[in-house]
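Q: Sequence first, predicted model second:
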Number of protein chains: 2
Amino acid sequence: MKPDLTTLKQQLAEIADLKAAIAVLEWDQQTFLPSGSEKGRARQIAALSRHLHRAATASELGKTIESLEKYPPEPDTIGFALLRSARRQYDRWVRVPETLAAELSATTAEAYTDWLRAREQRNFQILVPRLEKIVDLKRQYAALFAPEERLYDALLDDYEPGQSAAELDMVFGELRSRLPALIDAIIAAQKSGSDFSDRTFPATAQMQFSRDLVTAMGFDFQHGRLDLTEHPFTTDFGLDDVRITTHIDEHDFLSCVLSCVHECGHALYSLGMDPELNRTPLADGASLGFHESQSRLWENQVARSGAFWRAFLPHLHRYFPGQLADVSARDFLAAINRVQRSEIRIESDEVTYNCHILLRYDIERDLIHGRIHCSDLPELWNEKMREYLHITPANDTRGVLQDVHWPTGAFGYFPTYTIGNLLAAQLWELAHRELPGLDDFIAAGTLSPLREWLRDRVHRHGARYLPGELRQRLFGDARLQTEPFLRYLSERYLPEA
Amino acid sequence: MKPDLTTLKQQLAEIADLKAAIAVLEWDQQTFLPSGSEKGRARQIAALSRHLHRAATASELGKTIESLEKYPPEPDTIGFALLRSARRQYDRWVRVPETLAAELSATTAEAYTDWLRAREQRNFQILVPRLEKIVDLKRQYAALFAPEERLYDALLDDYEPGQSAAELDMVFGELRSRLPALIDAIIAAQKSGSDFSDRTFPATAQMQFSRDLVTAMGFDFQHGRLDLTEHPFTTDFGLDDVRITTHIDEHDFLSCVLSCVHECGHALYSLGMDPELNRTPLADGASLGFHESQSRLWENQVARSGAFWRAFLPHLHRYFPGQLADVSARDFLAAINRVQRSEIRIESDEVTYNCHILLRYDIERDLIHGRIHCSDLPELWNEKMREYLHITPANDTRGVLQDVHWPTGAFGYFPTYTIGNLLAAQLWELAHRELPGLDDFIAAGTLSPLREWLRDRVHRHGARYLPGELRQRLFGDARLQTEPFLRYLSERYLPEA
């Protein structure tokens, strides 16, 4: 007898609908909310979050899961994945005592304010007391799911199910030993290019060109929108409503354009999922790393390539004929692929980017395992910046205070950016093997073969497979790989070598 | 000892936050939702509505109300009004059996589809079976709150607390006996004016001028937005976030402009309420009639007046210099105050408008009291249209099928439009008595005295007073009055008489 998943699906759909409603309120908060309406919105989100908590921890849901586990669905069916995911999420909800959850949420809210103040005063020590408390609370949280020696794994697991720090130590170690020399070589080889930041690129033309690009990528405006915000993000309210955002800098049109491509990469993941997964916890990426692989593959491998701009540069010239009249295709490509050591993670190029992650990983792993103290962070940070990037940040604000992750309690999040970069390179190699003529398609502005290939290989599965399982399916090996990524960097940035 | 309202306020705030969240989802649905995302949105709203139902009918809330009623707050305090309103709303929620509520909601959803089809085929009979069922369900609903002979009062009460059909019979009777002759006289006296519907008024200039107008009215963009939609409406997510909407017809800029003024009239009501009322059921208009009095006072009494356009016509010319070059101020005023009998309620002017309401009132009151049958409606409708407006609708779609109210179960709603018109005229007279030089202020483009007066007299109280109580406070008489309205029409449209 096939197990009857009807009740489970109903209970999960209720949770999914509440999450979607919260996402609508948050999306509006980041795009259209009047400046004086923050307080009311925070209360509405808090109210819905209480209802979500109640639904997600309902004992009826626990009973449904338990009774299905007695005669579980066949492995490798959607039902199997659904039940596994339901169990995983239910345990995450119910094992965390409400007092701990409340304390975490209150402390991170206060720490966020401290962080803003610390940035203003360029003084990390302002943040230290509350950050210490957050580290302590996150350790308590992690201890609910893992023994002392694997506390950090438990945090990773929230973003990258099944990922171990042991594997990251190894993989990141490979990057640590090989990236610095590669960066040196790339910077030495690179020619000086154009800079068009002294020119003005009107907002409406930036938006129109960006819309054209995401349309070419296959973004479905029947099931999504593109709006403006301060810090671009993608969100979805179920698989039939996926919204991307961007920002405009009139002197830096690439920021808007590449943000759109990046966010559209995320959006295509959701838009490409099997509709059967809608309103279940499987209507999600396999992990944050896999999600980031999609955005970065489109942003870096595709939208910084010569092939891509062979198709779209003439179109860009139509929007900005004057501003780009004196810029050759070669100079344009050199400009958007400039490699430069930078203090700031989010301003850095794809070559130096992972150094920023390596140092954050070292620090947050050691923090969680109690090997270092929060007050040591600025010194450690600057030391590692010198080691990996030969840079000493001008001050804490441009150093250890630059990211919001730690004050908001997101320990274990940073590594997913690098995992995304590694996966993007692996997928890019695989796509080239399985899609002969891929570069020619891209050079002709035809992006659908790549999108459909990604949909088939990655998107449609949603969170049906754990990241390791999906890697096994895709690459025949569940382990993270650095070779394809390093190869990709060498081939793109050192073609003559 | 003062009664402790803390628990009651918390329970009501929870309900208010859930309502606000639903309003956000509905606002997005009407403004920005992608066309293919309707299904998901409907499910999210349904999920939140279930949580709202649970919170609004919680037995804890009932107990809080009951225990406070034993030692109630002093009359004429906010606490008193709060408890009264909480009781009223709680009873409305709990007395309605879930089966009845579910049947009503399912039937009106189906009837809406029937209504669309009936309009397409211009055949009211398509709607009859489900409309009969809705009438029956609304009678069952009303019977929970009133005896057989006052069933319609119970429906009125949802929109206009305490309003009796007996009073409406009398008041509407006065209009019925005096309006037709007044309409004749006004139409006979009116001179032919300009018509600029053959000209094009670009959308962005329409929006900019409209924004200027609502800014002059005092709309606070720190706590609100103006967006585009199909059918303009105002909504709020608490008193710190009030959103208005409008639509654009490039050949009819007045439609956008006057919509904005109308919706801004609603918005100023919410924005002007005592912040203490926020997140309580008192953060609402005293009734739909009072709400409509605010939108109509601004739209009709103010924004169709000579004084108003003395201030704003020069500004309008700046946006549309070519289009309005040959239009004199006198012709412009004549155009925006043209009186003309029309088949369609929402296209009709403020003079003939109430005839449309009178006939709907006659019909819906008799329907609810079982004196007529749904199948008779087209004939009755056309008969009354001839009687009140000397018009026979071209077909059902331009007649009895023109409004969505009945198929959605909103019986008792139509009279509130006329109540709004009557109240607007009363308030307009009172404002002139209490604000010497009001017309001069308006003619100078200074709208704040009127707005602040309305805030003090009406807005700040929210729903603290029942509509009759508020009329007593304002006018020294709780009863509805037709004289000020008829006087207003005569003075504006027959100034030489």
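A: Received the coordinates, thanks.
Q: Give me the buried positions along the host helix or strand of A:Gln30.
A: Under the criterion of DSSP states H and E, A:Gln30 resides in helix A:6-31. For helix A:6-31, burial by neighbour count (16 or more other C-beta atoms under 10 Å in any protein chain shown) applies to A:8-9, A:11-31. Every residue, glycine included, has its C-beta placed from N, CA and C.
Q: For the following helix or strand past it, which outside residues touch it?
A: Next helix or strand after helix A:6-31 toward the C-terminus (DSSP H and E): helix A:38-56. For helix A:38-56, the external contacting residues (C-beta atoms under 8 Å, 6 or more residues apart in numbering or on different chains) are A:11, A:14-15, A:18-19, A:21-22, A:25-26, A:28-29, A:33, A:61, A:89-90, A:93, A:101, B:13-14, B:17-18, B:20-21, B:24, B:48, B:51, B:237-241, B:278-279.
Q: So which bits of helix A:38-56 are buried?
A: Buried, per 16+ other C-beta under 10 Å, within helix A:38-56: A:Gly40, A:Arg41, A:Arg43, A:Gln44, A:Ile45, A:Ala47, A:Leu48, A:His51, A:Leu52, A:Ala55, A:Ala56.
Q: From A:Glu276, how far out is A:Thr204?
A: 40 Å (C-beta to C-beta, to the nearest Å).
Q: which one of those two has more residues nearby?
A: Applying other C-beta atoms under 10 Å in any protein chain shown to A:Thr204 and A:Glu276 shows that A:Glu276 carries more neighbours, namely 15 against 9.
Q: Low-confidence regions, chain A specifically.
A: The model of chain A has pLDDT under 70 over residues A:1, A:497.
Q: now with 90?
A: A:1-3, A:191-198, A:495-497 (pLDDT under 90).
Q: Residue ranges of each domain in it, please.
A: Using automatic domain parsing, the domain ranges for chain A come out as A:6-95, A:124-497.
Q: rewinding a little: could you see whether chain B lies near the helix holding A:Gln30?
A: Yes. On the criterion C-beta under 8 Å from any C-beta of the partner chain, helix A:6-31 is in touch with chain B at A:Ala13, A:Glu14, A:Asp17, A:Leu18, A:Ala20, A:Ala21, A:Val24, A:Leu25, A:Asp28.
Q: wait, which of these is closest to chain B?
A: A:Asp17 (3.7 Å; C-beta to the nearest C-beta).
Q: Could you measure from the nearest residue to the closest one once chain neighbours are set aside over to A:Thr235?
A: Nearest non-adjacent residue to A:Asp17, counting by C-beta to C-beta, 6 or more residues apart in numbering or on different chains: B:Ala47, 3.7 Å away. According to C-beta to C-beta, B:Ala47 and A:Thr235 sit 18 Å apart.
Q: and what of A:Arg92?
A: Going from A:Arg92 to A:Thr235 by C-beta to C-beta gives 21 Å.
Q: For the two, indicate the residue with more neighbours.
A: A:Thr235 (20 against 15).
Q: Isn't that one up against A:Thr229?
A: No. Using C-beta atoms under 8 Å, A:Thr235 is not in contact with A:Thr229; the gap is 10.3 Å.
Q: Can you give the contact residues for stretch A:391-406?
A: A:112, A:115, A:118-120, A:122-124, A:127, A:131, A:134, A:341-346, A:360, A:364, A:377-378, A:381-382, A:385-386, A:411, A:413-414.
Q: quick one: buried residues of that stretch?
A: Applying a neighbour-count criterion of 16+ other C-beta under 10 Å, one finds A:Ile391, A:Pro393, A:Asp396, A:Thr397, A:Gly399, A:Val400, A:Leu401, A:Gln402, A:Asp403, A:Trp406 buried in stretch A:391-406.
Q: Distance to B:Gln472 and secondary structure added to those residues, as JSON lines?
A: JSON lines is the format used below for the buried residues of stretch A:391-406 (distance: C-beta to C-beta, whole Å; DSSP: H, G, I helix; E, B strand; the rest coil):
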{"residue": "A:Ile391", "distance to B:Gln472": "74", "secondary structure": "coil"}
{"residue": "A:Pro393", "distance to B:Gln472": "69", "secondary structure": "coil"}
{"residue": "A:Asp396", "distance to B:Gln472": "64", "secondary structure": "coil"}
{"residue": "A:Thr397", "distance to B:Gln472": "61", "secondary structure": "coil"}
{"residue": "A:Gly399", "distance to B:Gln472": "67", "secondary structure": "coil"}
{"residue": "A:Val400", "distance to B:Gln472": "65", "secondary structure": "coil"}
{"residue": "A:Leu401", "distance to B:Gln472": "61", "secondary structure": "coil"}
{"residue": "A:Gln402", "distance to B:Gln472": "62", "secondary structure": "coil"}
{"residue": "A:Asp403", "distance to B:Gln472": "61", "secondary structure": "coil"}
{"residue": "A:Trp406", "distance to B:Gln472": "60", "secondary structure": "coil"}
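Q: Enumerate the residues of the stretch 201-350 of chain A near chain B.
A: A:220-225, A:227, A:237-241, A:278-279.
Q: switch the cut-off to 7 Å
A: For the stretch 201-350 of chain A, the contact set with chain B under C-beta under 7 Å from any C-beta of the partner chain comprises A:Phe221, A:Gln222, A:His223, A:Gly224, A:Arg225, A:Phe237, A:Gly238, A:Asp240, A:Asp241.
Q: Can you add neighbour count, secondary structure and distance to B:Ala189 and give those residues back as CSV?
A: Shown next, in CSV, are these (neighbours: other C-beta atoms under 10 Å in any protein chain shown; DSSP: H, G, I helix; E, B strand; the rest coil; distance: C-beta to C-beta, whole Å):
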residue, neighbour count, secondary structure, distance to B:Ala189
A:Phe221, 13, coil, 52
A:Gln222, 10, coil, 53
A:His223, 21, coil, 56
A:Gly224, 23, strand, 55
A:Arg225, 19, strand, 51
A:Phe237, 25, coil, 55
A:Gly238, 24, coil, 58
A:Asp240, 22, coil, 56
A:Asp241, 28, coil, 54
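Q: Please enumerate the strands of chain A.
A: Using DSSP state E, the strands of chain A run over A:224-228, A:234-236, A:242-246.
Q: Could you identify which of those strands is most buried?
A: strand A:242-246 (a mean of 25; mean count of other C-beta atoms under 10 Å in any protein chain shown).
Q: What angle do helix A:6-31 and that strand make with each other?
A: Angle, strand A:242-246 to helix A:6-31, by axes from the mean of the first three to the mean of the last three C-alpha atoms, to 10 degrees: 20 degrees.
Q: starting at the chain centroid, how far to strand A:242-246?
A: 14 Å (C-alpha atoms, centre = their mean, to the nearest Å).
Q: Just the CA trace of that strand, in CSV.
A: The C-alpha coordinates for strand A:242-246 follow below in CSV (Å, rounded to 0.1, in the frame of the first residue of the first chain):
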residue,chain,number,x,y,z
VAL,A,242,9.2,35.0,-7.9
ARG,A,243,10.5,38.5,-7.5
ILE,A,244,13.9,40.0,-8.2
THR,A,245,15.3,43.4,-7.2
THR,A,246,18.2,45.6,-8.2
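Q: by contact count, what packs against it?
A: helix A:6-31, strand A:224-228, strand A:234-236, helix A:253-271 (3 or more C-beta pairs under 7 Å, 6 or more residues apart in numbering or on different chains; DSSP states H and E).
Q: The ones you listed: which one's closest to A:Pro467?
A: Ranking the helices and strands packed on strand A:242-246 by proximity to A:Pro467 (C-beta to C-beta) places helix A:253-271 first, at 13.4 Å.
Q: Show me how far that closest one is from its chain's centre.
A: 12 Å.
Q: who's in contact with that helix?
A: A:201, A:206, A:209-210, A:213-214, A:217-220, A:223-224, A:226, A:232-234, A:236, A:239, A:242, A:244-249, A:285, A:291, A:294-295, A:297-299, A:303, A:336, A:451, A:459 (C-beta atoms under 7 Å, 6 or more residues apart in numbering or on different chains).
Q: still on that earlier bit, tell me the angle of the helix holding A:Gln30 relative to strand B:224-228?
A: Going by the same axes, to 10 degrees, helix A:6-31 makes 110 degrees with strand B:224-228.
Q: could you check the angle helix A:38-56 makes with helix A:6-31?
A: Using the same axes, to 10 degrees: helix A:6-31 against helix A:38-56 is 170 degrees.
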